[in-house]
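>>> Below: sequence and its predicted model.
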Amino acid sequence: MNGASASRYLVALGSNRRRHRVGSPREVVAAAMEELAALGTVTARSPVIDTAPLGPAQRRFANAAAIVETELDPEAMLSALKRMEREFGRRSGQRWGDRVLDCDLILWSEGHWQSDRLAVPHPEFRRRDFVLGPAHTIAGEWRDPISGATVAQLFARLTRPRRVPS
């Protein structure tokens with residue numbers, strides 16, 4: 001860490017497959033949140049919640065969020081998260097299928113990042129209650145640099161009851 005200043009990342013974690021020697025998806029997510037400490041200082045962890053499967057996945061997911069303070073730039077942080085997924089037993093395969101661990105960079109304290117392999121903020125996070133639910137408990141005041149809305153506002157917009165026209 002070459003004297004670079006630290007950044008904070010909002011990281012979403014999810015699992016819907018057991019991992020030998022770790023346990024249930026909830027235990028996988030809890031263990032992964034502990035492993036994030038290898039990347040920097042974990043300053044907040046959300047509760048782990050259970051959510052319905054998305055896309056072709058068959059099993060319910062355990063989801064959570066964490067804030068990690070680190071000197072890693074977004075590309076290095078993404079590489080570290082992907083390496084952690086592999087260490088937990090994730091294999092390449094079907095998009096949105098069952099997986100031991102999924103880690104996504106949702107927001108970055110420095111704002112926006114775009115490259116061939118990474119977009120921060122995460123392009124889909126505004127429409128995902130399984131991300132915003134845990135995230136709003138630890139980072140409700142964080143702002144989406146694209147919309148300007150806070151995480152708490154985005155969660156409220158997504159989850160408020162819809163009025164049906166009469």
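Perfect, thanks for sending it.

>>> quick one: which helix or strand includes A62?
Assigned by DSSP states H and E, A62 belongs to strand 61-70.

>>> quick one: strands adjacent to that strand?
Paired neighbours of strand 61-70 in the sheet (DSSP bridges): strand 7-15 (antiparallel), strand 41-45 (antiparallel), strand 49-51 (antiparallel).

>>> Give me the phi and psi angles of P161.
Dihedral pair for P161: phi -60, psi 140, per degrees, to the nearest 10.

>>> and it, how many neighbours?
5 (other C-beta atoms under 10 Å). From N, CA and C alone the C-beta is placed, and that goes for glycine too.

>>> pLDDT score assigned to it?
pLDDT for P161: 76.

>>> same thing with the one 5 residues further on?
What the model reports for S166 is a pLDDT of 63.

>>> Return the distance of the helix or strand of the chain with the lowest mean pLDDT from the chain's centre.
The weakest-scoring helix or strand in the chain, judged by mean pLDDT, DSSP states H and E, is strand 49-51 (a mean of 92). Relative to the chain's own centre, strand 49-51 is displaced by 13 Å; criterion: C-alpha atoms, centre = their mean, to the nearest Å.

>>> related to what we said a few turns ago, show me what the helix or strand just after the strand holding A62 is in contact with.
Using DSSP H and E, the next helix or strand after strand 61-70 towards the C-terminus is helix 74-87. Contacts to helix 74-87, defined as C-beta atoms under 8 Å, 6 or more residues apart in numbering, come from residues 9, 11, 32, 35-36, 38-39, 68, 70, 72, 99-105, 108, 113, 115, 117-118, 120.

>>> which residues sit in contact with R26?
S15, V48, D50, A62.

>>> I'd like the distance between the last one and T159.
The gap separating A62 from T159 is 19 Å, by C-beta to C-beta, to the nearest Å.
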